[in-house]
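Based on what follows, work out the 3D shape:
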Amino acid sequence: MKENIMSTIHFTDTTGETRTINANVGDSVMETAVRNGVPGIVAECGGSLSCATCHVFVDPADFETLPPMEEMEDEMLWGAAVDREDCSRLSCQIPVTEGMDLHVTTPETQV
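Prediction:
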């Protein structure tokens, strides 16, 4: 029998408070946040890549472990309420993978 390796997302808000959530493989980081009531993720479009209200700053140590950003995500980030940074991503575009241990910070506002 194959053992499931837990996936964990650590969401830190602008005050420094961190919420650690066990995530389901195959969900997005945004879906994990919304399902668990994580403040700072608005997700107005529900993950259809038509807004930038699930913007997160990925810890630089984790950034390179993620799949590369697609062109549409890159374009949407220019419309984020808080200026994008080198480690900005839309959390709806980050799939949870087996054994993931991801650290992200939510911006001050999403709208």
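
count of neighbours near the closest residue to R35 other than its chain neighbours?
The shortest distance from R35 to any non-neighbouring residue, by C-beta to C-beta, 6 or more residues apart in numbering, is to D27 (7.8 Å). Every residue, glycine included, has its C-beta placed from N, CA and C. Neighbour count of D27, defined by other C-beta atoms under 10 Å: 18.

could you pull out the helices for the protein?
Ranges of helices in the chain, per DSSP state H, are 29-35, 60-63, 71-77.

residues contacting the most centrally placed residue in the chain?
In the chain, the centroid-proximal residue (C-alpha atoms, centre = their mean) is S91; its distance is 2.9 Å. Applying C-beta atoms under 8 Å, 6 or more residues apart in numbering, one finds that S91 lies in contact with 28-30, 33, 41, 43, 54-56, 104.

Could you list the low-confidence segments of this protein?
1-4 (pLDDT under 70).

hmm, 90 instead?
1-5 (pLDDT under 90).
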